[in-house]
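J.: got a predicted structure here, sequence first:
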Amino acid sequence: MEKKIKALQEKMEEALGSVRSKEELAEFWQSYLGKKGSIADLMKGLGAVPKEDRPAMGKVINEFKLQVEEKYQNLRSKLEELELEARNKSEQVDITMPAVRRSMGTLHPITITKNEMIDVFSGMGFEVFEGPEIEDDDHNFTRLNVAKNHPARDTQDTFYVAEDILLRTQTSPGQIRVMDSQKPPIKVLVPGRVFRSDSDATHSPMFHQMEGLVVDKGITLCDLQGMLDKFVQAIFGNDIRTRLRPSYFPFTEPSVEVDVSCFECGGRGCSLCKGTGWIEVLGGGVVHQKVLENCGIDPNVYSGFAFGIGIERIAMLKYGINNISLFYENDLRFLKQFKD
Amino acid sequence: MKVPFSWLKEFVDIDVTAQELEEKLFGCGFEVEELIDLSAEIKRVVVGKVLECIPMEGTHLFICKVDCGEYGKDIQILTGAPNVYAGMHTPAALDGATLPGGVKITAKPMRGVESNGMLCSGEELGLNDDLYPGSEVYGLLDLPKDTVPGTDICEVVGLNDYVFDISITANRSDCQSILGMAREVAAILDKPVKMPATDYVMSDYKYENLNITVEAPDLCPRYLGHGVRNIRYGQSPQWMRRYLALCGLRSISIVVDITNYVMLEIGQPMHAFDMETLESTQIIVRRAHENEEIVTLDGKECKLNPNNLVICDGSKPVALAGIMGGLNSEITEKTTQLLFESAKFMRDNVRKTARSLGHSTDASSHYEKGIAEYTTELGMARALHLIQELNCGEVTSSAFDVSAGAPREGKHFTATLSGINKILGIEVPGDAVLDILRRLNFEVKRDGDVLDVIAPRYREDIEIGEPDLAEEVIREYGYDRIVPTFLKDAAVTNGGLNKEQQRQAKVKRTMCSQGYYEISTLSFYADADLDALHVAADAPERNVVRILNPITENLAIMRSLLAPSVLKVIVDNLKKGNGAGRVFELANIYVPKQQPVTELVNEILHLGLGVFGDDEDFFTVKGSVEALGEAFGLKFDYERAEDVPWLHPGIAAYVFCEGEKVGVFGKLSNAVANELKLPKDSKAGDKIFLGELDYAALSRHIAAVFHYEPISEFSIVSRDLALVVDEKVSCGAITAVIRGACKQVGNVELFDIYRSEHIGKGKKSMAFKVDFVPKDKALSPKDIERFIKKILGDLKFRVGAEIR
């Protein structure tokens, strides 16, 4: 019997050594560990063994069986590992091939800039108001202290659609509409399209402005500069400063042009700031008392400031765009560059 | 406005450089657009004294020995100028010199003879006779003999000067003159202004019958006239010619020059009529008659109407008020008697006349900015003074002053120091305020906090008191002294976008997520843009808001549809080689409430879509429209759109939201596509899709308040139905029948469509997945069987569908 086991063991080792696949392994299992396999045969042959030897012999057979099973399991794991490896290998992809997806679109740079500006002012408590793009003379000029014979009407080449109806030349009429409908404290932005009869590399007959208006008790010119400081720092960087200089708008007095220290050169002078260290970004001033009166707000109680920002101007400065018409050509190669 | 530095110095003792003055003016609200250095281009050109000049044989050249003072006592320079002579003082450009126009002079031999520079004509120095006498002589500029050899030529010919080109804001019409700027400079430097002389003596002579009547005082509130006789015709003195030239005006004759000079110096446009050419001496200032005509000095014929103001000689117009005189009364060398005019014409009327006739002049641009009556008076006095000073006529006693009665004092008001500081937000000391106002010629009496102020007469921009004074004070005190504060006294307010604004932002984000790029296009286009989309002549989109004064006919109507703008963007991109893309714009269209427009129009927010490229078809676009609906919880229904002229009648759909039509989208019509200006053989026109949604209508369907719906605790049961129907039966019709069959039907989705001979000609097989949603109890197989029976019955009855 023991001889038999030994011979079987040698035979088994040989057979196991030649197993190359799961199918062969299954055959091996059949022939050694299966119901009709060699080890089962050994067990059957135990009947011919003397009774007193049977337990010892049974144990030997069992140990042999366990040994075969273990070998079988090891080989099986090994084969599975190999198989997985081969499958992984066969399923491998070229990860540098192009992705399959629909690309995200983007917002227009004017919208991105506008949103960024609204974000800054929203945090300061500004609401957003949008007035009509086709306005009447009264809101666009007269009540903004631009009388019929006012020279300021000359500088704004206005598109008319009827005698007293026009394409708004500025977002300032929004000031009037807001003050007509709200009482102070007022903090409002009026973004939108404006139109002027002008067209060249720096002028488009349509462009975007953002008007800002604050009316409350005790508002001063110092507040205008303080708030604009915060605005330009948010847009252009923390070390940017503003500079006010005298100007003229009919609806503010005093009126100022606001320059920012050049963010390209830090104020040393470069081609962007034309060597001056400063860049003109917006206009503003203390709301003219007549404008407050025109809206039924008592200038002896309330005061305010207003400012107007060209959105294209800010976008051109931020992104280094030198031709305003790029915004309206809508070339996808241009649009795709802007991410918000 | 051009302001020569030397002219300014006649009125103010300026002790700063031109560059320093530029800086100071900038700080006070006068931007110097350009500081022109007249000597900038001329380097190493000096006075040379020609010691000898010997003709060079066989040439037209002269070999000269030139004394150039410290630069060399005996410099050899060749010249071809015929007027050279020994002893001549003339400009000598030395080796290394530069001349206007970037000309560089270097020592080099000519015909083998060394020439160490160039002798110059006046023209080569950029001069003319007005700037320096004799400059236009052919040949070398013959300088006076008292000029010292070696002296910088710019000093000798008056080019060591600057011209400030100053931009004047619209409110400061009083600064539209040398005197006006001198007043500002004097205030900045705290110096007195030396006023120009305005004294004159009138002779006893008086014109009989000369009379001036103003019939339109609303357009001409002040008219001064003064007779001058025994006119001496001749040239103006050099100093006057030079100043005129530096400001860009050419000298004509002494009388005409005086009128121009006064306009530049005082800011008052003047006119002079030849008295002998007038039919009568009854001068009338009136509105023109309809179709009345005048030929102005420049020979231009103008047809007038009652909106134009004219000066008449009793019968006919002799001047177009504030713009230009008439050719019929022009000052000529034969003129012996004239009538000077110094008037205030209303700026808006001058502007309108100048615009409508297309006739802008130096005078009209002064008037358009506004003239103070103070200036009108000063201008006349200055002109008469110059007539006498230059000895070119007799100032008669015929003086006229027709006034509408405006007060002759400056504005008088009270203000407070605290009020000024309240506007500024800083404490400007009272003494500083007073000092600034004094320098600006305000008369101020202070009583504690209260100021009693009289503004100078020429400051018509001063209107309401404290804000005006605050502006004057801070621009002189310095804007750099403003201390930024951050709304320290303001109430806290709640900022940010409102719901509707947030929704619009979400629309844009949603479209971006569907691969759309946002575009921004002009709000106006042309009728031709609607033609290109085959919009019918009587279509509602033809009811447009028309611009009365468009830049070009291409931008003459406010858009009534976004589609033409979107299509143009697609075509432009295709032309540039961008072969595929998705674009959208959320912008207004404009619809008039009546024609002609008499009130504000309806502005309706539309969402325009444009999709192009090989990978796109009707359903990819439909998918993006549905994604938009999904983003807002809206479900759309569709109907075939066969009557939209710019869309394919078989590949276009109207979009409905809760029964309301909210837009349309589809493939660009073949007819429109064929007419697109695309490169030949391009098939791109066959892959263009447009959409136009009425966002305003859509937004009304977006529920303002969202409530959640409880989720059923029972699970959804799905069944597949394969149907055979006629080809003409639409998917939508079948879906609608299934949905309508019983209320438990939830989502219905087509997942397969199949055609074969086996099914039959003109038939198709469609497979749907139908969800049944339990309400209050679980659905049993029996329930489902019942539902399906009902659905199949309805399908057979309504659309003739058979189960497969």
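T.: Done, it's in.
J.: mind listing what residue 74 touches?
T.: Looking at chain A here, since you left the chain open. Going by Cβ atoms under 8 Å, 6 or more residues apart in numbering or on different chains, residue A:74 touches no other residue. Yep, even glycine has a C-beta here, placed from its N, CA and C like the rest.
J.: hm, I was asking about chain B
T.: B:51, B:65-67.
J.: quick one, phi psi at it?
T.: Note on residue B:74: backbone dihedrals following degrees, to the nearest 10 are phi -150, psi 70.
J.: for the residue of the stretch 1-150 of chain A found nearest chain B, which non-adjacent residue is closest in space?
T.: Closest residue of the stretch 1-150 of chain A to chain B, Cβ to the nearest Cβ: residue A:149 (3.3 Å). In space, and not counting its chain neighbours, residue A:149 is closest to residue B:348: 3.3 Å by Cβ to Cβ, 6 or more residues apart in numbering or on different chains.
J.: what strand or helix carries that neighbour?
T.: helix B:347-357 (DSSP states H and E).
J.: then residue A:188?
T.: Applying DSSP H and E, one finds residue A:188 within strand A:186-195.
J.: direction included, what does that strand pair up with?
T.: Partner strands and pairing direction for strand A:186-195 (DSSP bridges) are strand A:127-128 (parallel), strand A:206-216 (antiparallel).
J.: still on that earlier bit, who wins for most neighbours among the contacts of residue B:74?
T.: Ranked by neighbour count (other Cβ atoms under 10 Å in any protein chain shown), the contacts of residue B:74 have residue B:66 at the top, with 30 neighbours.
J.: who are the packing partners of the helix or strand encompassing residue B:182?
T.: Here residue B:182 is covered by helix B:178-189, with elements defined by DSSP H and E. In terms of contacts (3 or more Cβ pairs under 8 Å, 6 or more residues apart in numbering or on different chains; DSSP states H and E), helix B:178-189 is packed against strand B:2-4, helix B:5-9, helix B:18-27, helix B:254-266, helix B:430-439.
J.: and the average pLDDT for the next helix or strand after that helix is what?
T.: Using DSSP H and E, the helix or strand that follows helix B:178-189 in sequence is strand B:211-214. The average pLDDT within strand B:211-214 is 94.
J.: before we move on, back to that, could you export the helices and strands packed on helix B:178-189 to TSV, including columns for distance to residue B:783 and mean pLDDT?
T.: As requested, those are arranged in TSV below (distance: least, Cβ to Cβ, whole Å; pLDDT from 0 to 100):
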stretch	distance to residue B:783	mean pLDDT
strand B:2-4	94	97
helix B:5-9	100	97
helix B:18-27	86	95
helix B:254-266	99	96
helix B:430-439	91	96
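J.: neighbours of the residue nearest to residue A:149, how many?
T.: So residue B:348, with other Cβ under 10 Å, has 19 neighbours.
J.: just checking, it touches residue B:219?
T.: No. If you go by Cβ atoms under 8 Å, residue B:348 and residue B:219 don't touch, sitting 9.3 Å apart.
J.: how about the helices in the stretch 151-300 of chain A?
T.: For the stretch 151-300 of chain A, the helices defined by DSSP state H, counting those that start in this stretch cover A:152-155, A:173-181, A:221-236, A:289-294.
J.: out of these, which is closest to chain B?
T.: helix A:221-236 (3.2 Å).
J.: residue ranges in the stretch 201-340 of chain A under the pLDDT threshold?
T.: Applying pLDDT under 70 to the stretch 201-340 of chain A flags residues A:201.
J.: ok, 50 please
T.: The model of the stretch 201-340 of chain A has no residue with pLDDT under 50.
J.: that older thread, from the contacts of residue B:74, which two are the most distant?
T.: Greatest spatial distance among the contacts of residue B:74 (Cβ to Cβ): B:65 and B:67, at 7.8 Å.
J.: which residues are in contact with both of these two?
T.: B:51, B:74-75.
J.: between those residues, which is nearest chain A?
T.: For those, the nearest to chain A is residue B:75 (38.4 Å; Cβ to the nearest Cβ).
J.: please report how far the closest one lies from residue B:104.
T.: 18 Å (Cβ to Cβ, to the nearest Å).
J.: more neighbours: which of those two?
T.: Each of residue B:75 and residue B:104 has its neighbours counted (other Cβ under 10 Å); residue B:75 has more, 20 against 10.
J.: list the contacts for the more buried one?
T.: For residue B:75, the contact set (Cβ under 8 Å, 6+ apart) comprises B:48, B:65-68, B:92, B:94, B:116-117.
J.: what's the farthest-apart pair in the residues you listed?
T.: Maximum distance among these (Cβ to Cβ): 14.3 Å, for B:65 and B:94.
J.: who in the stretch 1-150 of chain B is up against chain A?
T.: Within the stretch 1-150 of chain B, the positions near chain A by Cβ under 8 Å from any Cβ of the partner chain are B:26-29.
J.: just the buried members of those residues?
T.: B:27-29 (16 or more other Cβ atoms under 10 Å in any protein chain shown).
J.: which residues are in contact with residue 11?
T.: No chain specified, so I'll use chain A. Per Cβ under 8 Å, 6+ apart, neighbours of residue A:11: residue A:38.
J.: that's the other chain; I wanted chain B
T.: B:178-179, B:182, B:186, B:193-196.
J.: average pLDDT for the helix ranked longest in chain B, rounded please.
T.: Across chain B, the longest stretch assigned as helix under DSSP state H is helix B:781-799. Mean pLDDT, helix B:781-799: 92.
J.: please point out which parts of it sit buried.
T.: For helix B:781-799, using 16+ other Cβ under 10 Å, the buried residues are B:783-784, B:787-788, B:791-792, B:794-795, B:799.
J.: for the residues you listed, give me TSV that also has distance to residue B:442.
T.: Compiled in TSV, those are given as follows (distance: Cβ to Cβ, whole Å):
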residue	distance to residue B:442
B:783	95
B:784	95
B:787	92
B:788	95
B:791	92
B:792	96
B:794	91
B:795	92
B:799	90
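J.: restrict the residues you listed to contacts with chain A.
T.: Among the buried residues of helix B:781-799, chain A is touched by none when using Cβ under 8 Å from any Cβ.
J.: name the nearest of the residues you listed relative to residue B:639.
T.: Nearest member of the buried residues of helix B:781-799 to residue B:639, counting by Cβ to Cβ, is residue B:799, at 16.3 Å.
J.: I'd say that closest one and residue B:735 touch.
T.: No. Counting by Cβ under 8 Å, residue B:799 does not reach residue B:735; the two are 10.5 Å apart.
J.: before we move on, back to that, quick one: mean pLDDT for the helix holding residue B:348?
T.: pLDDT averaged over helix B:347-357 gives 89.
J.: what's the pLDDT at residue B:229?
T.: Residue B:229 is given a pLDDT of 95.
J.: what pLDDT does residue 116 get?
T.: Here I'm looking at chain A. 95.
J.: wrong one, I was asking about chain B
T.: 95.
J.: any idea how far it lies from residue B:157?
T.: Noted for residue B:116: a distance of 22 Å to residue B:157, by Cβ to Cβ.
J.: between those two, which one's more packed in?
T.: Taking other Cβ under 10 Å, residue B:116 and residue B:157 do not tie; residue B:157 has more neighbours (26 against 19).
J.: now the more buried one, nearest residue through space, not along the chain?
T.: residue B:132 (4.5 Å).
J.: wait, doesn't that neighbour sit right on residue B:155?
T.: No. Assessed by Cβ under 8 Å, residue B:132 is found out of contact with residue B:155, at 12.0 Å.
J.: ok, residue B:241 touching residue B:253?
T.: No. Applying Cβ under 8 Å as the test, residue B:241 and residue B:253 come out as separate, 11.0 Å apart.
J.: what parts of the stretch 1-150 of chain A come near chain B?
T.: Counting by Cβ under 8 Å from any Cβ, the stretch 1-150 of chain A sits next to chain B at A:102-108, A:110-111, A:115, A:118, A:121-128, A:130, A:132-136, A:148-150.
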